[in-house]
Structure formats: C-alpha cells, structure tokens
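1. Quick one, what's the 3D model for this:
(one chain, ligands or ions: 2)
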Amino acid sequence: MRMTKFLVRTLRDDPADADVDSHRLLVRAGYIRKVAAGVYSWLPLGQRVLRKVEQIVRDEMDATGAQELTLPIAQPLELWEKSGRDKTYGPLMFRLEDRKETGFCLAPTAEEVITSTVANELSSYRDLPMNLYQINWKYRDELRPRFGLLRAREFLMKDAYSFHTDVEDLRVTYKEMYDAYHKIFTRCGLTFRPVEGEAGEIGGDINHEFMAVAAVGEDDFVWCKSCDYAANVEVAKRQPAQAMPSENESQQQPTRVHTPDMPGIAAVAQHLGESEDVLLKSFAFDADGEMGLALVPGDREVNEFALARAIAPKKLRVFDDNDFAAHPELPKGYIGPHHPSVAVVVADPSIRADHPWVTGANEVDHHITDMWCDRDFTVGIWADIASIQSGDECPQCGKALSVDRGIEVGQVFEIGTKYSTALGATFVDADGVSHPMVMGCYGVGISRTVAAITEEHHDDKGIAWPASVAPFDVHLVALAGKGAAAEEVRTAADALYRDLRAHGIDVLYDDRDASPGVKFADADLIGIPVQLTVGAKGLARGVVERKLRASGERDDIAADGVVAAIR
Ligand code: ATP
Ligand code: MG
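-> Ligands and ions are numbered 1, 2, ... in the order given. You can find the predicted model right below:
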C-alpha cells in the first residue's frame, strides 16, 4: 500500500481525552478515531490489525471443531424477558423500539439468541455436543466508557456457546476452549495468565478469566513468572508460612507503652523504632453476633474473602463505626487480641513467627510490646488470611510471586442449564426422557485484545506490533529527496515494493514527499515490525537498511537479496 494513497494521518499531539497508552497511540498513529464516547471508527490501519486478531481467534476456534455463525445484533427484548436478564442487565443495555413499538436491544452478548436458535434446531442427544461461535459487535452502555478500546460501548467480541448432555461432556469442550485461548493469546504476543474465578453460588460452575498483564488493567491478580500459577487476589495463596514454635521465648513480660495519638501501624513502628512487620494488625469483625479479631502482620492487609471463608458458615461483617461505638473496650487503632470479650480469633500462620509482637493495649494511646503468640494471646482459627505481596513465595514452585493488574481479554464459563431451561433448549436422551441442555460460554474481547497488545508492545516512540498482528509485514521508506539520485532511489524503491508484494509480503510504502525525520517518526509510531530504508547512500553501496522496530537493531542487506532476507 502506497502511503500517498492510503488513509492514514498521524497526529503530532496526544488526544486530550486519552489517559492510557493504547488509546493515545492508536489514535495518534491513525488506527482509530473516536465518534462518540466509547464508540470508534476503525481506519484502514486499525481494520487490518482487528482482522489479524480476528483471524487468529477464528483459526483456533475452527481447529477445535467449533462452527462459525452470525447472530443478529438487533435482538428482540422478548427473549431477554424469558431469561429475566432484561432486568438484570438494566441500563447497561442499549434499547430501541421498532415502528410497532416492539422492544429490541443491541446485543450486549448472545446467550438468549443462541439458546433459542438451538432450541429450534436440535432435539436429540445424538445432536450433541455442539459448539457454535460468532465474531460480532457487542453493545454495552458502560457507566464509564474509558481507556479507549479497553472499556468501549461498542466492541468486537468472539462469543462461543457449547451445548451438552451433561457436565462431564461440557468439561471436555471447556478444556478445549481453555487450551485454544492459550494458543490465541500466545499468538497475539501477550503476557497473560488464566485466573480461576470464584465458583458460583451453587458451586461446581468453573470459570476462568484470561488476564493480560498490564499496569492499566482494572483487576488485581497474583501470578508467578516462573510457573503457571495465577489467582485472583481474593483466593491467591502463598507458600504456607512456617509454623515456628516459640523456642526463644524470652523472659521479658508484656510491657505497656505510651503511644499518644498513634492509631496507625506506621506511626507506632516509627515511635518504637521497630519495623512494621512485628506489629500485630488486629482487624475487628462480627461473626453472626460474636465479636472476632483477625490477626496479620502490620505490613499486610486482611484478605476479607479468605477471612469470610475461614469463619464460614458464620457470616462476616466488618466492624463499622457503630460497632466500635458499641464496644468501647476495643478502641479503634489500639486493639489487642488479649481481650476476654473477643470470641473468635483468626490468625494468619505467619503470626506464629519466632518473635514477640507489638499489639494494641485495648486502651486509647497505648500499645503493648513483648506479646508472644500462645503465651499472651491465643488463636482459635489458623487460616491464610494475609494479603499476598509481590515477592511472596509461589505456592506451586516457591519462586517470587508478582501482584499486578490485568486486563480481562477473555473468559471461559460453565453456565449450566439457566438459559436452556428458560428458553426451552431440551434434548431427548436414549430412553426418550427430555432434559435441558448443559451449556458453556466462551468470550474473547477482540477489540480489547488489540488495545492490550498495544499496552504491552510500545515504547516512547510508538507501537511495536508483534508480527502476528501487525497491519503490514514491512514498512518501506524511500528517501528520494531532491538530489541527483532522487529518480534512481524512487525507481529502486518502487521495484522493491513490487517485488516484496509479488512474494506475498504486505508492505506499507512511504512514497510521500516528506522529510526523512517525518518518515522515520511515523514508521516508529505506526509500529510495523520491519522497516526498510532505500536511500542514495545505501544504493551506492548496493544495500538497503533494515531496522527491527521492537529491538531497534539495524543492519544492511544486499539490495538484490531483500525478499530472501525478509522471508
Ligand atoms: P468486564 O468485567 O471487563 O466488564 P465482562 O466480564 O462483563 O467484562 P464478558 O461478558 O465476560 O465481559 O465479555 C467477554 C469479553 O468481552 C471480556 O472478557 C472482554 O474481553 C470483552 N469486553 C467486555 N466488556 C467490554 C467493553 N466494555 N469493551 C471492550 N471489551 C469488552
Ligand atoms: Mg467476563
């Protein structure tokens, strides 16, 4: 493609409304343009990347035997009334009416439509399993559309839905989809981890979110760079802390110290000249009417989800100001675990450490030093309730864990029979008995993935696409200039352009009458993996200069051997 004929206008300045790199760079480099909040046009460059990602997804879906179809974007609300989701989706749904005032919505997802389609087409156990997918635009009137393509109101999604006779059969397809997602995001050049979500209410419903590691992600998660361990912060574990018996128990008795106006860990630690991790953090809660304390080292937070699991079936309610007002014997900021009114003490195993603790004295402006676990306070329930920090040991391999943010680029989900029951997708088994089909659903945010790839693959000059999704293979720059050799350079570059294309190599050819500085800056901004420069000096030596966008590596290749070198 000749740039003189191509719709690409790079912008010198960042768009004012862009607060993440992917949004900023995709607009500046001429891939997308905003039309309304969370709604974008995909210019030809952007379209090419979108198609590349789409094709990777399609290849991997097809490889599993899933079948592609297209479902409508305009969906009758009636279907959503049957599943009850017209209510639960609420204002997230774009709604419209036709001329007869029949309610429609713009597809936010397609469980209802696919299930009613399957209900009409399939009826026997012999028809199952069946896995169907589409790649189509989705619409969600997000409360806060932001971060460009990452949280848009119109976005491209691959959504697959599988139908089964039973859960065992569903699990086979679920695993195939899980593996396909691994291949998809690997081919897209993303650093990612599948993270298991919390099991649904009924239990047994498995789901995994595929998280691309990115500082701008909206979800915290814990992962290991050395192995495949990854988990949501709520369920993440670390190598269990060694439960060390207190052999060195000193004769030193607990000592009350004055800590005026110091309800915070940091201030007390500083005042006593201690590090924060020898202070005991006591976190007050209510468990079905009983008062409880959760204990973690002072440099950690309490993982409330883990705490809730530890006290189940009792229900956790974190103390609020009213609770503290009702319990003056436990002054906020000065709580210690040694008070008789505390009924439940839950502690992280790290509290068994071989050193004494500094705790609150249960008296305003006072703490106590030299408090030993088991000697001066006791613990009822031991559970991993301390928040995970970067550097903690991986529960699988022992290497350092990382706590990072992730972008959810895909999700695999066991649905069960919710939609098949609501929309009548039943099958008859070998004995002639009718059952609702068991379903799974599997989404990939294709446009979001384009943004996630940009987040991972860019530098201060622009985007640096992985070859698998780049809009072109080669960015050819002709430096014809105005000198005597201008014609020769142009002729050589034109010939090279034709030659590369004849060999199936996609080329963006900068044949514009612009300065070298502008051309190189645009090439770096647009981010095609290989840049080739044809100039008078090189031609005099019989070479073309090659630069790899991502690494910046440069070399000269013989002008008559370019095609072979690129391939
Ligand atoms: P989120 O939690 O980010 O709102 P979700 O869990 O509601 O997403 P799903 O219903 O699982 O999203 O949709 C499947 C995929 O579609 C997601 O994994 C994500 O990649 C993509 N997606 C969802 N919402 C958006 C959006 N507003 N903009 C771009 N992509 C989106
Ligand atoms: Mg999701």
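
2. Which residue ranges of the stretch 1-150 of the chain form strands?
-> 32-36, 39-42, 67-68, 74-76, 95-97, 103-106, 130-139 (DSSP state E, counting those that start in this stretch).

3. could you say what helices and strands the longest one packs with?
-> So that's strand 130-139. Helices and strands touching strand 130-139, by 3 or more Cβ pairs under 8 Å, 6 or more residues apart in numbering; DSSP states H and E, are helix 44-63, strand 67-68, helix 111-121, strand 154-164. Where you see a C-beta, it was placed from the backbone N, CA and C, and this is true even at glycine.

4. Out of those, the one nearest Gly538 is which?
-> helix 44-63 (26.8 Å; Cβ to Cβ).

5. Next one: the residue nearest to Leu272 when sequence neighbours are not counted, what pLDDT does it get?
-> Of all residues beyond its chain neighbours, the one nearest Leu272 is Val358 (6.4 Å), with distances taken as Cβ to Cβ, 6 or more residues apart in numbering. Listed pLDDT for Val358 reads 95.

6. The one 10 residues further on now?
-> Turning to Ile368, the model gives it a pLDDT of 95.

7. In its sheet, which strands sit next to whichever helix or strand it is part of, and in what direction?
-> Assigned by DSSP states H and E, Ile368 falls within strand 366-371. Strand 366-371 sits in its sheet next to strand 255-258 (antiparallel), strand 357-360 (antiparallel), going by DSSP bridges.

8. Contact partners for Gly535?
-> By Cβ atoms under 8 Å, 6 or more residues apart in numbering, the contact set of Gly535 is 479, 489, 545.

9. cutoff 7 Å now
-> 479, 489 (Cβ atoms under 7 Å, 6 or more residues apart in numbering).

10. For it, give the beta-bridge partners.
-> Here Gly535, judged by DSSP bridges, has bridge partners Leu479.

11. what's the distance between it and ligand 1?
-> According to Cβ to the nearest ligand atom, to the nearest Å, Gly535 and ligand 1 sit 42 Å apart.

12. Ok, Asn362 next?
-> Distance, Asn362 to ligand 1, by Cβ to the nearest ligand atom: 42 Å.

13. tell me the contacts of that residue?
-> Taking Cβ under 7 Å, 6+ apart, one finds 329-331, 334-336, 339 in contact with Asn362.

14. at 6 Å what do you get?
-> Asn362 sits next to 336, 339 when contact means Cβ atoms under 6 Å, 6 or more residues apart in numbering.

15. same question, Leu508
-> Residues near Leu508 by Cβ under 6 Å, 6+ apart: 1, 472, 475, 528.

16. Number of residues surrounding whichever residue of the stretch 401-550 of the chain sits closest to ligand 1?
-> Proximity of the stretch 401-550 of the chain to ligand 1 (Cβ to the nearest ligand atom) peaks at Gly445, 2.2 Å away. Residues lying near Gly445 (other Cβ atoms under 10 Å) number 27.

17. all helices for the stretch 201-350 of the chain, in order.
-> 265-272, 304-311, 321-326 (DSSP state H, counting those that start in this stretch).

18. Could you find the residue in the stretch 251-400 of the chain that comes nearest to ligand 1?
-> Residue nearest to ligand 1 within the stretch 251-400 of the chain (Cβ to the nearest ligand atom): Phe305, separated by 17.5 Å.

19. ok, and the closest non-adjacent residue to that residue?
-> The spatially closest residue to Phe305, leaving aside those adjacent along the chain, is Glu234, at 3.9 Å (Cβ to Cβ, 6+ apart).

20. follow-up on the earlier one: can you give me the distance of the residue of the stretch 401-550 of the chain closest to ligand 1 to Gly197?
-> Distance of Gly445 to Gly197, computed by Cβ to Cβ, to the nearest Å: 16 Å.
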